[in-house]
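Task: produce atomic coordinates for the following.
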Amino acid sequence: MAFHFPFFGAKKTDQTQQASTEAEQAKAARQAYQQGLSTIRDIIAPAGFMVTPDHLQLGSVFARTIFVYTYPQFLDTNWLSSIINFSATLDISMFVSPEDSGMANQKLEKQFARLESSRQIREEKNLVRDPSLDLALQNIDEMRQSIAQGNLRLFHYSLYITVYADSLEELKSTCKQIESGLAGLQIFTKEALLQMEQGLTSTLPVGQDELNIKRNLDTGSLSTTFPFSSAELTSDSGILYGLNISNDSLIIFDRFKLENANAIVLAKSGGGKSFAVKLECLRYLMLGTDVIVVDPENEYQTLAEAVGGSFIEVSLGSAKRINPFDLPKARRSNNQANDDEDEANVLKSHTGTLSSLIRLMVGGVSPEEDAILDTAIRETYALKDITDDPETHKNPPPILGDLVQVLQNIRGSESLMQRLTKYTEGTFAGLFNQPTNFELKGGFTVFSVRDLEESLRPIAMFVVLNYVWNEIRSELKPRIMVVDEAWWMMQYEDSARFLSGMAKRARKYYLGMTIISQDVEDFLENKWGKPIVSNSSMQILLKQSSSSVEKVAEVFNLTEQEKLILLSVNVGEGLFFAGQNHVLIRVIASYTENRIITSNPEELLSYY
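Now for the predicted structure:
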C-alpha cells in the first residue's frame, strides 16, 4: 500500500526568493537615493586634495605636519603656550599612553647597565671622565627609585602640529618660525616627510595616531605639556586692573580702546565689586578722566574727599536741587549740519524722557493719561516760550509745579494731577520742584541717594542720570559714569529702559558706563538687563552665589570649570572679560589705596 503526501515546500521556497529579491531591490533603491543626498561629508570636504612629500593642498589651503622628536632634560611649566598663542592657524594633537611600571623598570635597568659598562670601559682606557655619562646614570637611578616608590610613572607621549596657510611661501615661513621658537627651548622638530596624509589624520579630532612617533616622559615632564594657557591682557596704555591668576602677568588695560567703554560688574554681596570699581575710578582719575558716581550707600564719600571731588547729597534736607525740566545744553562740533539737526530734536527727545520719569513718579499711567501728559509737557514749555527753535532753549525752564498747573486745565487729568501733587505740595515738595542750583564740575563727583526713602531712590537715580546725561552731551571728553546697585532702577520699566538707552548711546559721547549689581539673577532675567550686558564690551564677574551662577554661565557662555571657579574664588577674584578675551583676575591695591576705598567694616574699625 502506497501513501502519497502533497509537497508544499516548492511554493514556500518561491515566496521566500521573491521576498528576498524585493528586499534587495528596495535596498538598492535606498542606496541610490542616499547617494543623491548632500551629507556633512560633502559640505566639509575640500574641492581637491593633493599630497606631496612635504605638504598637502586642501583646495586653496596648504598644510604641513611637524612632530617633536626630542626634549631637553628639564621642561618649564606651560612651555606650549607660546605655540598655542601663535598668530597662525594650527591643529595641535597630543597622544598620551601610560607605560607598564614593570616594563619601564626593566628598560631602565638595561639602559643603566649599558651606561655603566661604557663608564667602566672609559676608566679602563684611562680616558677623561664624561660628565654627561655620570649625569645620565644619576638620573636613571633616581627615576628607578621614584618608580619603585610609586612617586613616578612613565608615559609614551606624541606631539604633532599641523600648520595651515594660504600659500606655500607663507606655510614655509610659519613652520620655520614655529621650529625656531621650539628650538630656543631645546625642543627639536622635524617635518613628517612622505607621511603628510598620516600627519593630517593624526591632528584631526578623531583620536588616531597614524604617525606613531613616541617619546618617553615622566609624570613631572608630562604635566608641563598640558596647555594651561591664558590670554595676555597687558597693553601699553590704560590702568592696572589686577593680576592674571593663571600666569601672574599684569592686567593693564584701557577700556576706551574697546568697541565701547561700557562695563558691567556682577557679584554677590561682599564679593568685592565696589572695591574693584572704586580702585578703577581712582586710577582713571590719574589719567585725567572725569568720574561720576550714583551712590546708594555713601560708599564713595571717603574716596571723593580724598581726591578733592564733589559729594552731592540728593535728599529732602539737602540744599542741592536738580530740575528735571532742564534741557540739554547745546554742543558745537565741526559738523554744523548734524548739530543743527540734533538741537531741533532736543525738545522732542526730552519730552519723551520726562514722560518716562513722570510715569515712574506716579506709578504708571493709562494710554489716555499718557497722551494727556505728552500734550501737557509741551504746553508747559510753551508757557516759558520754549519751542523746537534752539534759540528759545536759552529761556529759564519750567518746573514740576508748572506742569501740575497745566494739568488742572485739561479734562481727564484729575487722577494724574492728584498723584503728582505730593511732589509739589505734599511730603516730597521741593525735592524735584525747584530750579537746579549747582553745576557739574570736572574730576570726581558723587551723587548720594542714601538718605532717601526706598520708594524715592529709583526716581532720584533717574533724575540724577538724566541731569548727568544732559551735561555729558554738552561737552565731549572722556568720562566714566558708575551706577552702583543698578537693580534699584531695573525694578521699574521706565527707569530700566532709560538706563539701557544710555548704555547704547554712551559711546557716541565718549562715555563709559559702569553698571554694578548684586542681584545678579533678577538683573540678567530683566528684558532691559540683557541689552546692557550685550552693549558692555568689558565685564567683571566676581564671586557668585550658587543660586545665580547657572544664569551667569548661560548669559556669558561659561564652561563648567569657570562656573566652579566663580563659586570658589576669594573676595576680589573672578573672571575679567575684555572684548573677545577673558582671564582670571585678582584685584590688587596698595596699602594707601586700600585705606581710601575699603568698605570692609573690620578694616574700617582698625583704621579708625
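
contacts and neighbour counts: CA atoms only from here.
OK.

neighbours of residue 31, just the number please.
Using other C-alpha atoms under 10 Å, residue 31 has 11 neighbouring residues.

got the buried residues for the host helix or strand of it?
Using DSSP states H and E, residue 31 sits within helix 9-35. For helix 9-35, a neighbour-count test (16 or more other C-alpha atoms under 10 Å) marks nothing as buried.

And that helix, what does it pack against?
On a contact count with 3 or more C-alpha pairs under 8 Å, 6 or more residues apart in numbering; DSSP states H and E, helix 9-35 meets no helix or strand.

Which residue ranges make up each domain of the protein?
49-99+153-223, 259-321+436-608, 323-434 (automatic domain parsing).

mind checking which of those is nearest residue 36?
Distance to residue 36, taken as C-alpha to C-alpha, is lowest for domain 49-99+153-223 among the domains of the chain, at 22.0 Å.

What mean pLDDT does that closest one get?
The average pLDDT within domain 49-99+153-223 is 90.

what's the offset of it from the middle of its chain?
31 Å (C-alpha atoms, centre = their mean, to the nearest Å).

go on, stretch 142-160?
39 Å.

Could you report the neighbour count for the closest residue to residue 422 other than its chain neighbours?
In this structure, residue 422 finds its nearest non-sequential neighbour in residue 428, 5.9 Å apart by C-alpha to C-alpha, 6 or more residues apart in numbering. For residue 428, the count of nearby residues is 15 (other C-alpha under 10 Å).

SS state for residue 428?
Classification of residue 428 by DSSP: H, G, I helix; E, B strand; the rest coil places it in coil.

Next, work out how far apart it and residue 452 are.
According to C-alpha to C-alpha, to the nearest Å, residue 428 and residue 452 sit 10 Å apart.

which stretches of the stretch 401-550 of the chain form strands?
Shown for the stretch 401-550 of the chain, the strands assigned by DSSP state E, counting those that start in this stretch span residues 444-448, 479-483, 511-517, 538-542.

could you measure the closest residue to residue 537 other than its chain neighbours against residue 233, distance?
Closest residue to residue 537 apart from its sequence neighbours, by C-alpha to C-alpha, 6+ apart: residue 579 at 5.3 Å. The gap separating residue 579 from residue 233 is 11 Å, by C-alpha to C-alpha.

Compare those two (neighbour count), which wins?
residue 233 (20 against 15).

The more buried one reaches residue 252, doesn't it?
Yes. Counting by C-alpha atoms under 8 Å, residue 233 touches residue 252, with 6.3 Å between them.

Need the distance between the two termini of stretch 419-434.
Stretch 419-434 end-to-end distance (C-alpha to C-alpha) = 18 Å.

How is the spatially most central residue of the chain assigned, secondary-structure-wise?
Nearest to the centroid of the C-alpha atoms of the chain, with distances taken as C-alpha atoms, centre = their mean, sits residue 577, at 3.1 Å. Following three-state DSSP, residue 577 is assigned to strand.

Name the nearest residue to it, sequence neighbours excluded.
Using C-alpha to C-alpha, 6+ apart, the closest residue to residue 577 is residue 539 (4.9 Å).

quick one: contacts for the one you found?
263-265, 576-578 (C-alpha atoms under 8 Å, 6 or more residues apart in numbering).

what are the bridge partners for it, then?
Per DSSP bridges, the residues bridged to residue 539 are residue 264, residue 577.

Tell me the spacing between it and residue 525.
On the measure of C-alpha to C-alpha, residue 539 and residue 525 end up 17 Å apart.

about what we covered before: please convert the domains of the chain to TSV, extending it with distance to residue 39.
Output for the domains of the chain, formatted as TSV (distance: least, C-alpha to C-alpha, whole Å):
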stretch	distance to residue 39
domain 49-99+153-223	18
domain 259-321+436-608	29
domain 323-434	53
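
Going by mean pLDDT, which of the ones you listed comes out lowest?
domain 323-434 (a mean of 82).

looking at it, residue 95 is touching residue 161, isn't it?
No. Under the criterion of C-alpha under 8 Å, residue 95 is not in contact with residue 161, lying 11.9 Å apart.

For those two, indicate the residue with more neighbours.
Using other C-alpha under 10 Å as the criterion, residue 95 and residue 161 rank with residue 161 on top: 24 against 18.

the helices in the stretch 501-608 of the chain, which residues?
520-525, 529-534, 549-556, 560-568, 591-597, 601-607 (DSSP state H, counting those that start in this stretch).

and the third one, what other elements does it pack with?
Spelled out, it's helix 549-556. Packed next to helix 549-556, using 3+ C-alpha pairs under 8 Å, 6+ apart, are helix 520-525, helix 560-568.

I'm done for today, thanks for sticking with me.
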